[in-house]
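J.: Quick one, structure for this:
(2 chains)
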2 protein chains.
Amino acid sequence: MSAKRNRKEKDKLTEKNGLSRKTPTPNTVTNINTIPGWFANKSDEFPGEADLFKAEKVLFAGKSSYQDFLVFENTTYGKIVVLDDELQLSEKDEWAYQEMLTHLPLCSIPNPKKLLLIGGGDGGILREASRHPSLDQIDICELDKMLVDTYATFFPDIAIGYKDPRVKLHLGDGVAFLKSVPQGTYDVVILDAFHVMGPDAKEVVDEGFLESVANALRPGGVLCAPAESFWHPEFELESIIDTCRKIFKGSVNYAWSSVPTYQSGIVGYMLCSTEGPTLPVDFMHPINPLDENINSGISNQPLKFYNSEMHTAAFILPTFVLKYKTPSNFANCFELST
Amino acid sequence: MSAKRNRKEKDKLTEKNGLSRKTPTPNTVTNINTIPGWFANKSDEFPGEADLFKAEKVLFAGKSSYQDFLVFENTTYGKIVVLDDELQLSEKDEWAYQEMLTHLPLCSIPNPKKLLLIGGGDGGILREASRHPSLDQIDICELDKMLVDTYATFFPDIAIGYKDPRVKLHLGDGVAFLKSVPQGTYDVVILDAFHVMGPDAKEVVDEGFLESVANALRPGGVLCAPAESFWHPEFELESIIDTCRKIFKGSVNYAWSSVPTYQSGIVGYMLCSTEGPTLPVDFMHPINPLDENINSGISNQPLKFYNSEMHTAAFILPTFVLKYKTPSNFANCFELST
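T.: Below is the predicted model of the structure:
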């Protein structure tokens, strides 16, 4: 789970991947990092706000070639992972994000066979993908071996995803991996690294990153990537959708779900399909539903957050977000269920 | 808006209202109130977590007979109101809560005529009620005159609700007011004071408070009250619903919406209808929809959060919440839209 990687860490990855970035906004938050025993989760996106979590017990603090690690116990949220000073996940709500990021795309097309996950080295999305019996290939490309090992040690219920025999781990750079993929290989690509799609989307696009994803997808294949919260002060749905439609040429929709440990309490998801031989993908109505009584996969735990009704509801947007709709261009983007 | 009043303030009101309360849990949060220039929002319900908001400029600090007031400016959320150390609302998201708390009940029954609001002295729910042309009587009972005056001074866009000529303000105790109401007076009662409905619901019920509400409603009338977030560690939907069904005898449903400044990022809503002469109220499907192009009411501002699709989606619950369902007793409580 890497949706909430902060500026510093994103910049490091960006530099490594050869992507350009604008100068980060100066961090206006002061003092709150010095409170003994508390971790402060904050970001430039929400200046003047910080979510503090008490570290009842520090379980691990370490450093890889790519990032700093902190794992601690919290009374309300259980074990919490922090990478480079940004909260990555908590035991209490990781499944709310992982289930939605995984099942929104996989339940939207019939019979998905090949899945590529970029990032997500913790294993939670693999655990969720494991619930889909139609998959015969689950590739994951993760940069940081230490991240994989840390989750294996402290979060066996998340890292269990690697035990699915269909999973193949490729340790290395996601951008390079994507560029090496033969055209039309995957039915589904899930991004759980690099940028959250938001005001930064254009930069990623300029570098051809999303084009690489579209190229790796078969016609009618789908991408799911974390997107900005609609509460983000600079949130502009129309520009993100416009960008994605130009690249993927199929259906493009924004969804969201509640994740309490993330700033603003929600996270967004961009769903994009490439132009296919049949009707455009209808992301709002899952054609490939999960039966929670059957599809437990490798985890042997039932779904905790996702269900087919929640799938559809995730696409329903508040009125202030809908105002970004331009009817002439995006008539089908926000078709609401009735 | 008083959904998030904290233990201390709730205890004061409780004492005043003659309701009993268990001893508050000792507050385990230390140190974080001493950070210069920051306000820490925290509660016993989410131990080990605190949401910090930078006070860029303090606009008002005062004290009434009932509570302490703090109004300050925050970069991300605009003006923020704090009562007795608990965040009450921010300019950036107050409408997400006020619109849902108001329109979920008023849009669920045809032609509502008489509304009673208990608490909500800021005026935001009055502003939203003003969008409903069928109402001919909007009564509000608010305890604290200073609260009304403070919002009038600092939040004219919220306090504007009082300018609707149908509004009549009763300054005084809500419990006493409810007990004085002739049986069957109101089509809709909205609670925005005292307890959020959750683990505490039974205590309120023991004192006959909800019975007073049910008595004040006409047959087929509806109550809407803020309820605990489903992320609350002690959240028990079944017991709340069970309690409400025994008292109101009609439809009982739980809904929720995103409110980023509230802890866990969401707030719940309990919707209850009294037994009526016709079919039970179908809260999930608004029979009395708002036309955002017409129903601007006294505010002359369009709806920002609520729409009919969001109304229905608010009742869709994550799987871990649905597990509280007891099919034999509550078959109709969580009927999901398809």
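J.: contacts and neighbour counts: CA atoms only from here.
T.: Fine.
J.: Name the residue most distant from the centre of chain A?
T.: In terms of distance from the mean C-alpha position of chain A, residue A:36 ranks first, at 31.2 Å (C-alpha atoms, centre = their mean).
J.: From residue B:88, how far off is it?
T.: Distance of residue A:36 to residue B:88, computed by C-alpha to C-alpha, to the nearest Å: 28 Å.
J.: Run through the helices of the stretch 201-338 of chain A in chain order.
T.: Along the stretch 201-338 of chain A, the segments classed as helices by DSSP state H, counting those that start in this stretch run A:201-206, A:209-216, A:237-248, A:308-313, A:319-322, A:327-330.
J.: which of the ones you listed sits most buried?
T.: helix A:308-313 (a mean of 24; mean count of other C-alpha atoms under 10 Å in any protein chain shown).
J.: So for that helix, mean pLDDT?
T.: Averaged over helix A:308-313, pLDDT sits at 98.
J.: roughly how far apart are the residue farthest from the centre of chain A and chain B?
T.: Distance check for residue A:36 against chain B: by C-alpha to the nearest C-alpha, to the nearest Å, it reads 8 Å.
J.: for residue A:125, what are its contacts?
T.: With contact taken as C-alpha atoms under 8 Å, 6 or more residues apart in numbering or on different chains, residue A:125 is in contact with A:1, A:98-99, A:101-102, A:161.
J.: Is the residue farthest from the centre of chain A located within a helix, as I assumed?
T.: No. Counting by DSSP: H, G, I helix; E, B strand; the rest coil, one finds residue A:36 to be coil, located in no helix.
J.: where in chain A is pLDDT low?
T.: Applying pLDDT under 70 to chain A flags the ranges A:1-34, A:194-207, A:292, A:324-338.
J.: make it 90
T.: Applying pLDDT under 90 to chain A picks out residues A:1-37, A:43-45, A:175, A:193-209, A:233-240, A:243, A:276-279, A:291-296, A:299-301, A:322-338.
J.: quick one, strands of it?
T.: A:38-41, A:49-54, A:57-63, A:68-74, A:78-83, A:86-90, A:114-119, A:137-142, A:167-171, A:186-192, A:217-227, A:249-258, A:266-274 (DSSP state E).
J.: bridging residues for residue A:40?
T.: According to DSSP bridges, the partner residues bridging residue A:40 are residue A:52.
J.: that older thread, what's the most distant pair in the contacts of residue A:125?
T.: A:101 and A:161 (14.7 Å; C-alpha to C-alpha).
J.: Just want to know which of the two has more residues nearby.
T.: Ranked by neighbour count (other C-alpha atoms under 10 Å in any protein chain shown), residue A:101 and residue A:161 place residue A:101 first, with 31 against 25.
J.: State the distance from the more buried one to chain B.
T.: Distance from residue A:101 to chain B, by C-alpha to the nearest C-alpha: 14 Å.
J.: how far away is that residue from residue B:115?
T.: 42 Å.
J.: Settle this for me: residue A:216 is touching residue A:188, isn't it.
T.: No. With contact defined as C-alpha atoms under 8 Å, residue A:216 does not count as touching residue A:188 (9.1 Å).
J.: what's the burial count for residue A:181?
T.: 15.
J.: need the contact list for the closest residue to it other than its chain neighbours.
T.: For residue A:181, ignoring the flanking residues on the chain, the nearest one in space by C-alpha to C-alpha, 6 or more residues apart in numbering or on different chains is residue A:216 at 5.9 Å. The neighbours of residue A:216, taking C-alpha under 8 Å, 6+ apart as the test, are A:178, A:181-186.
J.: Appreciated, that's everything.
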